[in-house]
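Chemist: Return atomic coordinates for the entry below.
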Amino acid sequence: MAEKLTLTRPDDFHVHFRDGEAMRSIVGATARQFARAIAMPNLKPPVVTVKDAAAYRDRILAALPKKSDFEPLMTLYLTDDTPAAEIGRARAAGFVKAVKYYPAGATTNSASGVTDIRKCDAVFEAMQEAGMPLLLHGEVTDADVDVFDREAVFVDRTLGPLVKRFPGLKVVLEHATTHEAVAFVERAGPHVAATLTPQHLLLNRNALFAGGLNPHYYCLPVIKRETHRRALVKAAISGSPKFFLGTDSAPHSRASKESCCGHAGIYTAHAALELYAEAFEAAGALDKLEAFASHYGADFYGLPRNKGKVTLEKSSWEVPAELEFGAEKVVPMRAGQALAWRLAP
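Modeler: From the prediction side, this is the model:
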């Protein structure tokens, strides 16, 4: 059994840094492991223009530990009113790498999201021309659709028609959670990919209720049945370049999670690579982790693969019960529990 695992330094293609004091508490955890990360734009107010993205990028860089060489990759928040011309400005800027689609009301800070995806066709035309990826929160928000079915319905009603209308548009179905999503991505052309999170690779929906209702395992899309988890693991270890790492690390304060209306999101940046290593090791596929974590995402985005290396060691350690989050605390995934892998200093 492997005691050390050295990988090309990976990238995180989906992370929430938040802002202000909270961001300054957590951004170093991502920078310690990853060379680059796609920063989500769902702030209050959201990052809707290149000017907004430049300002947010400056705040992220200012919050990094000294001598960090980490590079934030910025995104724009798509709205019903996003002008197609903003895509040209984004491409010219260079640091904006994608546009994020949230259905209005789907998840945290998504109130400004898209009400009807057909309203954005002109933007998608411009993105297709520019080669800029569209990142999808793949859920419908219809009240008559069961929360556990929202992704599968989105794949059928929204993603399929979108790919047909814009066959040259690069699309990433973020945090895929179902076997329906995996099957669609596998069948689709080379412009369609998906990110997979550590929580969806490691947990099924029983985790939400083990020992009582656990708000710290509540995220959107919600954790699904074991059959879906197995489909995600199979995709992750398949060697297909269509599936790559995106943590969707989404911190919320303990108080906001343990409330009468707890926020959706799981914080994983404290041990992202260790959690992925656990999932790949359990599947007998540690040899597949490097390509999933370090190669496929960069290739899809048209970025150079990183030159540096990171090493994971087989060394048990206990995850802290809580971590600093600005003036508050955040409860990380596996709080108070042991992890078998540890990132070497």
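
Chemist: Where does pLDDT dip in the stretch 1-150 of the chain?
Modeler: The model of the stretch 1-150 of the chain has pLDDT under 70 over residues 1, 106-111.

Chemist: Check the offset of the longest strand seen in the chain from the chain's centre.
Modeler: Ranked by residue count, the top strand of the chain under DSSP state E comes out as strand 309-318. Relative to its chain's centre, strand 309-318 lies at 22 Å (Cα atoms, centre = their mean, to the nearest Å).

Chemist: outside of that strand, which residues touch it?
Modeler: 1-10, 33, 273-274, 277, 336-344 (Cβ atoms under 8 Å, 6 or more residues apart in numbering). Using the backbone N, CA and C atoms, a C-beta is placed for each residue, glycine as well.

Chemist: Mind doing that once more with 7 Å?
Modeler: Defining contact as Cβ atoms under 7 Å, 6 or more residues apart in numbering, one finds that strand 309-318 is touched by 2-9, 33, 273-274, 277, 336-344.

Chemist: List the buried residues in stretch 225-244.
Modeler: Using 16 or more other Cβ atoms under 10 Å as the test for burial, stretch 225-244 gives 228-229, 231-233, 235-237, 240, 242-244.

Chemist: Am I right that Val172 is in contact with Pro133?
Modeler: Yes - counting by Cβ atoms under 7 Å, Pro133 is a contact partner of Val172 at 5.5 Å.

Chemist: of these two, who's got more company?
Modeler: It is Val172, of Val172 and Pro133, that has more neighbours when counted by other Cβ atoms under 10 Å, with 28 against 23.

Chemist: tell me which residues of stretch 15-33 are tucked away?
Modeler: Neighbour counts over stretch 15-33 (16+ other Cβ under 10 Å) mark 15-19, 22-27, 29-33 as buried.

Chemist: re the thing from before, how about the longest strand of the chain: buried residues?
Modeler: 310, 312-313.

Chemist: Convert the C-alpha atoms of that strand to PDB, please.
Modeler: The C-alpha trace of strand 309-318 is given here as PDB (Å, rounded to 0.1, in the frame of the first residue of the first chain):
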ATOM      1  CA  LYS A 309       4.500  19.100  -7.200                       C
ATOM      2  CA  VAL A 310       2.700  18.300  -4.000                       C
ATOM      3  CA  THR A 311       3.000  15.200  -1.900                       C
ATOM      4  CA  LEU A 312       0.400  13.400   0.200                       C
ATOM      5  CA  GLU A 313       1.600  11.200   3.000                       C
ATOM      6  CA  LYS A 314      -0.200   8.300   4.700                       C
ATOM      7  CA  SER A 315      -0.300   9.800   8.100                       C
ATOM      8  CA  SER A 316      -3.400   9.900  10.300                       C
ATOM      9  CA  TRP A 317      -4.500  13.300  11.700                       C
ATOM     10  CA  GLU A 318      -7.600  14.700  13.300                       C
END
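
Chemist: doesn't Lys307 fall inside a helix?
Modeler: No - counting by DSSP: H, G, I helix; E, B strand; the rest coil, Lys307 is not found in a helix; it is coil.

Chemist: Contacts made by the next helix or strand after the longest strand of the chain with the rest, please.
Modeler: Per DSSP states H and E, the first helix or strand lying C-terminal to strand 309-318 is strand 323-325. Contacts to strand 323-325, defined as Cβ under 7 Å, 6+ apart, come from residues 22, 25-26, 251, 253, 270, 329-330, 332.
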